[in-house]
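J.: Next comes the sequence, and after it the predicted model I'd like to discuss.
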Amino acid sequence: MEAHPTAVVSPKASVARDVRVGPYAVIEDEVIIKHGCEIGAHAVVKRFTSLGRRNRVYEHATLGGEPQDVKFKGERSALVIGDDNLIREYVTIHRASGEGEATRVGSRNFLMVGVHVAHNCEVGDDNVFANGAALAGHVVVEDHVFLSSNVGAHQFVRFGRYAMAGGKSKIVQDVLPFFTTDGNPPRVRGLNAIGLRRGGFSQESRAALKRAHQILFRARLPLRRALEALDEMGDENVSHLARFIRASRRGFTREARAEATAAERELLFKVSG
């Protein structure tokens, strides 16, 4: 281990020999840091936190702090982080609430300045959280999700894979996979076309998801029938979308309703008059 003389590294921590620890950083008891990691100046890695390989933790980040949960009574819980994550300045990730529980962050995630991930969250792989994005407790984020600046997520919501949430969106229901969700209140705006192209989705897969969007939001079908129609399409990604909706406990964000045309408003006025 290459540690600056001002760094504080507990002898009860397990730190790989090639880990670099910057000035005034703190690594507490019962921390595990594997090969290739770099811990920046003034960063704090608190007890019961484990970091996989090649993670870079920037200045003033705090990993594994106690959960901000009134039910927490000091029980042993954990923060488990995978490999190859970029964790920028002032990021905070809390360990879980509940004996033996864990907050989990996967691999190859990019958490920009000031991101907060609360207790018991489950974050997958290859996600990007822009500056100031904040997840409340028990939030689930699948893979390849993009959260724009200052997105705020209510506890227990889910973000489906390849979803994109626009800046400052207040997320109180599940965010559907493969779509862009934006606004306050947030609404589905269409396919996450850029994310799908970057993700290597074929033209056929993108077309199937576009058709799924039309079935869900334009066909005016009851939800049960719409989901049956998605099942009948036989596309793997569309099937994932249907499963995601069926598993929702908080409901999911819908598409914005189109405003009535002038002619429709005139007709409504005549009927109401």
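T.: On my side now, so go ahead.

J.: From now on I want contacts and neighbour counts done on CA atoms only, so please keep to that.
T.: Fine.

J.: Bridged to the closest residue to residue 175 other than its chain neighbours, which residues?
T.: Closest residue in space to residue 175, ignoring its immediate chain neighbours: residue 159 at 4.8 Å, by C-alpha to C-alpha, 6 or more residues apart in numbering. When assigned by DSSP bridges, residue 159 has beta-bridge partners residue 141, residue 175.

J.: show me the contacts for residue 159.
T.: Remark: with contacts taken as C-alpha atoms under 8 Å, 6 or more residues apart in numbering, residue 159 is in contact with 140, 141, 142, 145, 174, 175, 176, 177.

J.: Tabulate those in a markdown table, adding columns for distance to residue 50.
T.: Below are the contacts of residue 159 laid out as a markdown table (distance: C-alpha to C-alpha, whole Å):
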| residue | distance to residue 50 |
| --- | --- |
| 140 | 20 |
| 141 | 20 |
| 142 | 21 |
| 145 | 23 |
| 174 | 29 |
| 175 | 29 |
| 176 | 30 |
| 177 | 29 |
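
J.: Just put those in TSV and tack on pLDDT and distance to residue 65.
T.: Formatted as TSV, these follow (pLDDT from 0 to 100; distance: C-alpha to C-alpha, whole Å):
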residue	pLDDT	distance to residue 65
140	98	19
141	98	20
142	98	23
145	98	24
174	98	26
175	98	27
176	98	30
177	98	30
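
J.: Just the buried ones among those, please.
T.: Among those, the ones that count as buried by 16 or more other C-alpha atoms under 10 Å are 140, 141, 142, 145, 174, 175, 176, 177.

J.: any idea how far the last one lies from residue 82?
T.: Between residue 177 and residue 82 the distance, using C-alpha to C-alpha, to the nearest Å, works out to 23 Å.

J.: Repeat that for residue 39.
T.: From residue 39 to residue 82 the distance is 15 Å (C-alpha to C-alpha).

J.: ok, now residue 146?
T.: 18 Å.

J.: same question, residue 92
T.: Counting by C-alpha to C-alpha - residue 92 and residue 82 are separated by 16 Å.

J.: Ok, residue 1 next?
T.: 20 Å.

J.: And the helices in the stretch 51-200 of the chain?
T.: Here the stretch 51-200 of the chain has its helices, by DSSP state H, counting those that start in this stretch, at 193-198.
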